[in-house]
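**Q** Sequence and predicted structure, then a few things I'm wondering about:
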Amino acid sequence: QGQPVESGGGFVQAGGSLRLSCTASGRTFSGESVAWFRQAPGMDRLFVAFITSDGRNTDYAYSVKGRFTVSRDNAKNTVFLQMQNLRPEDTAVYFCASGYSGRYRFRDSYTNWGQGTQVTVSS
């Protein structure tokens with residue numbers, strides 16, 4: 001209970017768009033900063049995007065800057081990741097993380113993880 005739950009993944013052609021959502025049953029995100037990570041097969045889980053609890057500050061991995069946008073609706077207890085101009089190299093399982101303490105780009109800084117949602121981009 002209270003773990004993040006991701007949704008919105010799917011299969012899309014290169015250049016397409018997807019919007020991922022992250023919410024948590026029985027838990028409020030409104031007071032927490034939240035991050036998105038992704039993990040491709042055989043690779044480490046890497047930082048994608050970060051948003052502060054009030055939504056005023058965001059940060060992105062260089063590889064997605066200008067294409068991805070992280071936002072949140074605290075009234076709906078949901079954090080979003082809008083992904084545009086998708087590339088085959090964006091193919092991965094995308095994870096939402098909360099319970100941050102320390103350096104927000106590092107996976108070990110987070111205590112709460114969802115199960116992930118698969119994003120597949122074809123060329």
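**A** Great, that's in hand. Since the structure is predicted, the reported quantities are computational estimates derived from the model, not experimental observations.
**Q** what about the strands in this structure?
**A** Applying DSSP state E to the chain gives strands spanning 4-7, 10-13, 18-24, 34-39, 45-51, 58-60, 68-73, 78-83, 92-100, 110-113, 117-122.
**Q** What residues does the residue nearest in space to the middle of the chain make contact with?
**A** Centre of the chain computed as the mean C-alpha position; nearest residue by CA atoms, centre = their mean is residue 36, 2.6 Å away. Residues near residue 36 by CB atoms under 8 Å, 6 or more residues apart in numbering: 20, 22, 47-50, 70, 81, 94-97. For every residue, glycine as well, the C-beta is placed using N, CA and C.
**Q** end to end, how far does stretch 45-60 reach?
**A** Start-to-end span of stretch 45-60 (CA to CA, to the nearest Å) is 15 Å.
**Q** same question, stretch 19-30
**A** This stretch, stretch 19-30, spans 20 Å end to end (CA to CA).
**Q** How about stretch 84-94?
**A** Start and end residues of stretch 84-94 are separated by 15 Å (CA to CA).
**Q** With stretch 51-63 instead?
**A** Length of stretch 51-63, first residue to last, CA to CA: 17 Å.
**Q** What residues sit buried inside it?
**A** By 16 or more other CB atoms under 10 Å, the buried positions in stretch 51-63 come out as 51, 53, 55, 60-61.
**Q** do the same with stretch 63-79
**A** Across stretch 63-79, burial judged by 16+ other CB under 10 Å covers 64, 68-70, 72, 78-79.
**Q** these two touch, right, residue 33 and residue 54?
**A** No - using CB atoms under 8 Å, residue 33 is not in contact with residue 54; the gap is 9.2 Å.
**Q** residue contacts, the nearest residue to residue 47 once chain neighbours are set aside?
**A** Once flanking residues are discounted, residue 47 sits nearest to residue 105: 4.4 Å by CB to CB, 6 or more residues apart in numbering. Neighbour list for residue 105: 47, 50, 59 [criterion: CB under 8 Å, 6+ apart].
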